[in-house]
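In: Fold the following, please.
(chains A and B)
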Amino acid sequence: MTTIAVLGMPNTGKSTLFNQLTGSHAHIGNWPGITVDLMQASLELQGQSAQLVDLPGIYDLRGHSEDEAVVRRFLEATPLDLVVLVLNASQLDRQLRLAIQVQRLGLPALVLLNMADEARRFGVSIDLGALSRELEMPVLLVSAKHRRGLGEARHAMVKLLAAGCEQGNGERSGDRGDQKPLAQLENCLELGDAGLQAQISHLLGLAVTLPPQWRDRLSRRLDGVLLHPLFGLPLFFLVMALMFQAIYAVGVPLQEGLGSLLDAFGKGVIAPLIGGLPVFLQGFLLEGLYQGIGTVSAFLPVIFLFFLAMGVVEDSGYLSRAAYLMDAFMERLGLDGRSFVLSLMGFGCNVPAILGTRVMRDRGLRLLSMLIIPFSLCSARLNVFLFMASVFFAPRVGALVIFGLYVISFAAAILTALIFKGRFNSSEPLVLELPPYRFPTLRQMFSRAWLEVRHFWFWARRFIIFGVIAVWLLNNLPFGVEPASAESFSGLMGRALMPILGPIGINPKLAVALVFGFIAKEIVLGGLAVIYSQADPIALGNAIAADVTWVQAISFMLFTLLYTPCLSTVAVIRSESKSAKFTTFSVLWSLLLAWGTSFAFVQGARLMGWS
Amino acid sequence: MRKQAHLADLAPGHSATINAIEATAGLRHRLEAMGLSQGKQVLMLRRGWWSGPLHVRVGMTELMLRRRDAACVGLEPQPALP
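Out: This next block holds a predicted model:
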């Protein structure tokens, strides 16, 4: 099998290029010798199929971060037929460093200078011939965002692979020309360190003309406003608040419509179809599986909109500015601007946010960031809150409740950092690029959001299916009991938990939902639908409202917000921290904080005479 | 003999030439990969409030870095104004 790796610095549009080349049919692959997963996809090159691997973005093959170590280990362990090196065409003054390192390693490589449009706009001109001669690699200008130059890039890849094959066959017949993995990578690079700067200057002098003056007036002006010392932060939070408002304004009606549609389909089409089956099986299929999955899938539009908006904010370069704005505050919490950005990403899903801490080298900083990210109110929890808020409160109050939960999510993270910053000391340097402002194309925005939702769904649905089936079985076993009654397994389980959950206002039914929420928050709502045996969102809401008070509902939301987000997050914390002790600590702390907060709220409400 | 000037002390709107990077290997590699290396011109764009990070431009790249880390970047003394 032909293997091609895509290598490049962060902010070079490497992933966009990867998706454009492969048509975004990427999946996660395991590689021998490295412990992390990499994205890979198959690529058709004139009838020949190759696998393309997307390596993490790195600044330097000699760097000390985890990602940089991963790339080194990958290069040492995997025989490569070709390296596609992606550089930002307008930043060759520093990015040529990677090209020289790759040349020094003697890897067969193709250099793609991406963001050619931006380089032209900034007045950078490049002599491709001279660069190619000096680097002894083909060099092409491309723009992945505008899909320019990709055909030529494919063509060059085919030619290079064919050339590599011939050469290989000459030396070792029958070996298909596969390269040997690299040995002694670090030593080889270390020897080249001394002359690196001189080499870069030499290449720049020969092949690159930089503009005499900085031309990006747009970024300069926008930064004057958005990075304003006084108004920068309020503006950022205002933009975020408006973004969330817009997501709900569009997403919630979509979700309600889809929910009713799915319910009608279940009653009108599925119920008659399975009418001949035994009653127990009928209930299992319709009330268990279909209702549970349907309730959750109705939220996919909201999640899609969320990823769409977050993707735009991220690609525009505004998130890096958020890191700049928040760094002074985060430093006092023992964290840095990146931790803030990752927590913000965690509002979509905690799992990729925790994976994102790999950019941090210092263990203390990384662990402290991993400790606060799970408090970010992720989209799965948002499902539950949107639903509960709409059941218990008028729209205006409901919006306030949701806003309050966001505030508590921030407060829990800040409190946690303040309490534990002494135990996770760090002195990690922070040097981050602030890229020029960019606006993604519509195509880019939608394909990215679509990809994220697809990942979310593939990854969440096995938990959801498992969860709703388990909840339904617990409700309906042993045979012959009244579903979800005190005699059913779930009733027994709920009552067994009452000594702990009773004081925070959680009744046995809600307790069962919380237990399953430990697996994934996506199950909570599907689980409630099964427990109360109501599929239609409005009917389910009425059933819950008849059963619990609004104080109990808020306590339930607080607990759901603060206790461990899901098993996947726990698993990722475990694999990234490589410490069972830290993982246990993180889970216990969040449980303790959740219980304490709910307890304080319920007892406080009792004193105020609200319940 | 004047005291060695540091990037951390550069005023907004001013630029200077880097003459030394006095950092550990890890930080030096990162600074160089970002374009901060000996002989390069660096321009201070803004300094964050509350001892916040610095926003600088070097070559074609804009970046933020903390004052503590910027103190590792030595600058050539500015010629005194007449």
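
In: could you list every residue that touches residue A:9?
Out: A:57, A:58, A:59, A:87, A:88, A:95, A:98, B:33 (CB atoms under 8 Å, 6 or more residues apart in numbering or on different chains). For glycine as for every other residue, the C-beta is placed from the backbone atoms N, C-alpha and C.

In: hmm, I was thinking of residue B:34
Out: Per CB under 8 Å, 6+ apart, neighbours of residue B:34: A:59, A:94, A:431, A:433, B:58, B:61, B:63.

In: Spatially nearest residue to the residue in the stretch 101-250 of chain A positioned nearest to chain B, not counting backbone neighbours?
Out: With CB to the nearest CB as the measure, residue A:229 is the residue of the stretch 101-250 of chain A nearest to chain B, at 4.4 Å. Nearest non-adjacent residue to residue A:229, counting by CB to CB, 6 or more residues apart in numbering or on different chains: residue B:49, 4.4 Å away.

In: What pLDDT does the model give the one you found?
Out: As predicted, residue B:49 sits at a pLDDT of 90.

In: same check, this time on residue A:102
Out: Per-residue confidence (pLDDT) for residue A:102: 92.

In: Show the contacting residues for the closest residue to it other than its chain neighbours.
Out: Leaving aside its sequence neighbours, residue A:102 sits nearest to residue A:109 (CB to CB, 6+ apart; 5.2 Å). By CB under 8 Å, 6+ apart, residue A:109 lies in contact with A:82, A:83, A:84, A:85, A:99, A:102, A:103, A:137.

In: what's the answer for residue A:594, then?
Out: Contacts of residue A:594 (CB under 8 Å, 6+ apart): A:558, A:559, A:561, A:562, A:563.

In: Just send those residues back as JSON lines, with secondary structure and neighbour count too.
Out: JSON lines is the format used below for the contacts of residue A:594 (DSSP: H, G, I helix; E, B strand; the rest coil; neighbours: other CB atoms under 10 Å in any protein chain shown):
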{"residue": "A:558", "secondary structure": "helix", "neighbour count": "26"}
{"residue": "A:559", "secondary structure": "helix", "neighbour count": "24"}
{"residue": "A:561", "secondary structure": "helix", "neighbour count": "27"}
{"residue": "A:562", "secondary structure": "helix", "neighbour count": "26"}
{"residue": "A:563", "secondary structure": "coil", "neighbour count": "21"}
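
In: Can I get these in JSON lines including distance to chain B and pLDDT?
Out: Formatted as JSON lines, the contacts of residue A:594 follow (distance: CB to the nearest CB, whole Å; pLDDT from 0 to 100):
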{"residue": "A:558", "distance to chain B": "32", "pLDDT": "97"}
{"residue": "A:559", "distance to chain B": "35", "pLDDT": "97"}
{"residue": "A:561", "distance to chain B": "29", "pLDDT": "96"}
{"residue": "A:562", "distance to chain B": "29", "pLDDT": "96"}
{"residue": "A:563", "distance to chain B": "34", "pLDDT": "93"}
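
In: before we move on, back to that, relative to residue A:159, which of the contacts of residue A:9 is nearest.
Out: Nearest to residue A:159 out of the contacts of residue A:9 is residue A:87 (CB to CB; 19.9 Å).

In: Between the contacts of residue A:109, identify the one with the most neighbours.
Out: residue A:85 (27 neighbours; other CB atoms under 10 Å in any protein chain shown).

In: Can you pull the residues of chain B lying near chain A?
Out: Counting by CB under 8 Å from any CB of the partner chain, chain B comes close to chain A at B:23, B:25-27, B:29-39, B:45-46, B:48-53, B:55, B:57, B:59-66, B:68-69.

In: Looking at the residues you listed, which are in helices?
Out: Under the assignment DSSP state H, those contribute B:25, B:26, B:27, B:29, B:30, B:31, B:32, B:33, B:68, B:69 to helices.
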